[in-house]
Structure formats: C-alpha cells, structure tokens
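>>> Have a look; sequence and predicted model below, questions after that.
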Amino acid sequence: MAILGGLLLALLLPAFISLGLWQWRKAEAKTQLQSELDTRSQDAAIAMPTTPVDGEVLRYRRVILRGTFDAGRQVLLDNQVHQERAGYHVITPLRIAGSNLHVLVNRGWLPAPADHQVVPVAEVPAGEVELSGIAVLPAKRFFNLAAQPTSGWAPVWQNLDLERFRQSVAYPLQPVIVQLDAASPGGYVRQWRRLDERADRHRSYALQWFGFAATSLGIWGYFLVRRP
C-alpha cells in the first residue's frame, strides 16, 4: 500500500507544483506588464510617427495624433463587457495627417442593444481631429466563437486581428492600437482594464495548487507513519 501511495504521490506532487508555478508566473507576468505600462505612460507624450515603426518603440507610450477618421472601415469589437453589461469596443482607423499611414484607435466601449442582432450606430467625428492615448500592441492569438468571413467587409468582429485588417484595406497601418484618452473628443466609455487586474486570482489559484501538493504529501506521510 505504501508503495502504491508513493507512486501516486510521485505523479501528483510534480503536477500540483507545476500548475502552481504556472499560475504564479502568469500573475508575475501581468504585474510586470502593468508596471511597465505605468512607467512608460508617464513619460512625455510623443507624436505618432508618420512612417511605420516597430511596435515596441511605441508600446505603452502616450502618443499625440492628428488626422481624419476612416468611417468606412470602422469595426465594432464584440463581446466586450463593462459593469456586467455586454457591448462593443469601437475601433476606427485614423489617417495620420501628412501621410497615407493609418493607425487604429480604440474609441471606447459602446453598449449593445437589447436585441443583439441590431448593430448600434457609432458616430465618427468628421474632419481633422487631434487626439491622445496610450499605444498598445494587438493580441496575436484569438479564440473565435464562430467562423470569421474570409471576403467582404464585416462591421462586427469577434477579435481585433491586425493582419486581417491589413488585408482588408488599401493603406498601411502602424502596428499598434491607440486606447483613446478619456479627455479626447469623439470617444465612448473609456475605463481601460488594468493588465494586472486578474493577477491576484492567479496567485490564489497558485496557492491552491501548492496547497494540494502539501496536503497530498501530508496524507502520504500520515499513513506512512501509521503503518504497523
């Protein structure tokens, strides 16, 4: 019996510890990203370049941009929740003044109608605008709840796939998304999620897995000591 218990412990203990370390590393990674955002976003704002740059140059920097929106290629990003209510993020490309280069601007959260089949109207400011916001890198891995169209233009997207967007327009794009500042005009609800908002949850999961490891070790040790 002790041998069987030892073999079972040999399987469970590394698994529990590995899962705990995985959750702990996720928490630390999110905390580090938030710290980097807090630091870089406090630096002096820079003008959005009029030529393509590496996204790392702009990541988490506060940027100032001037230009005109392309209302015809606006996207509503589905499945966005704010205060437990479903809605969309309004993503609008902006042509940077003095260039044909565009950058995607996340203008904030817009509530969804009661009938989710109805697409809400997100008004786009006309003429030249001057805005500011934080540049972030777009996600590269997605989970789609349904097949995405491969041709034509869809006003509602499940995920903001920058490469898909590039293939859908005739102009070049900067490799970042600008999260519009609350003080800038032409936006909607702009209470951007913190990158570390679930870090404590990951740490809690990690402690649970470590607890399972300690409990398993304790149970095995208890029965080992009680052997006649």
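That came through, no problem. Treat the numbers as computed from the prediction; the structure is a model and nothing was measured. Residues are numbered from 1 along each chain as shown.
>>> mind checking the longest helix of the chain?
Longest among the helix segments of the chain by residue count, using DSSP state H, is helix 2-40.
>>> to the chain's geometric centre, what's the distance from that helix?
On the basis of CA atoms, centre = their mean, to the nearest Å, helix 2-40 sits 22 Å off its chain's mean C-alpha point.
>>> I'd like the mean pLDDT over it, please.
Mean pLDDT, taken over the full extent of helix 2-40, equals 77.
>>> That helix packs against which elements?
Applying 3 or more CB pairs under 8 Å, 6 or more residues apart in numbering; DSSP states H and E, we find helix 2-40 packed against helix 199-225. Placement of C-beta: from N, CA and C, glycine included.
>>> Let me know the average pLDDT across stretch 59-67.
On average, stretch 59-67 scores 94.
>>> actually stretch 79-86, sorry about that
Averaging pLDDT along stretch 79-86 gives 91.
>>> And it, what's buried?
For stretch 79-86, burial by neighbour count (16 or more other CB atoms under 10 Å) applies to Gln80, His82.
>>> Enumerate every residue touching Pro52.
Leu101, Pro172, Gln174, Pro175 (CB atoms under 8 Å, 6 or more residues apart in numbering).
>>> per-residue confidence at it?
90.
>>> quick check, distance from stretch 83-103 to the centre of its chain.
Using CA atoms, centre = their mean, the offset of stretch 83-103 from its chain centre is 15 Å.
>>> now do stretch 33-51
That offset, for stretch 33-51, works out to 17 Å (CA atoms, centre = their mean).
>>> and the end-to-end length of that stretch?
26 Å (CA to CA, to the nearest Å).
>>> so what's the residue nearest the centre of the chain up against?
When CA atoms, centre = their mean is applied to the chain, the residue found nearest the centroid is Ala139 (6.2 Å). Counting by CB under 8 Å, 6+ apart, Ala139 touches Asn159, Leu160.
>>> That one and His202, how far apart?
Distance, Ala139 to His202, using CB to CB, to the nearest Å: 18 Å.
>>> Please apply the same query to Trp153.
38 Å.
>>> Looking only at neighbour counts, state which of these two leads.
His202 (20 against 10; other CB atoms under 10 Å).
>>> what about the closest residue in space to that one that isn't next to it in sequence, how many neighbours?
The shortest distance from His202 to any non-neighbouring residue, by CB to CB, 6 or more residues apart in numbering, is to Ala27 (3.8 Å). When neighbours are counted by other CB under 10 Å, Ala27 registers 19.
>>> Ok, Ser204 next?
12.
>>> same check, this time on Ala71
Residues near Ala71, counting by other CB under 10 Å, number 13.
>>> Report the contact partners of it.
Going by CB under 8 Å, 6+ apart, the list of residues near Ala71 reads Thr92, Val124.
>>> Backbone dihedrals for it, both of them.
Here is the backbone geometry of Ala71 (degrees, to the nearest 10): phi -70, psi -30.
>>> What's the separation between it and Ile177?
Distance from Ala71 to Ile177, by CB to CB: 18 Å.
>>> Ok, Trp109 next?
From Trp109 to Ile177 the distance is 14 Å (CB to CB).
>>> For the longest helix of the chain, list every residue counted as buried.
So for helix 2-40, counting by 16+ other CB under 10 Å, buried means 9, 12-13, 16, 19-20, 23-24, 26-27, 30-31, 33-34, 37.
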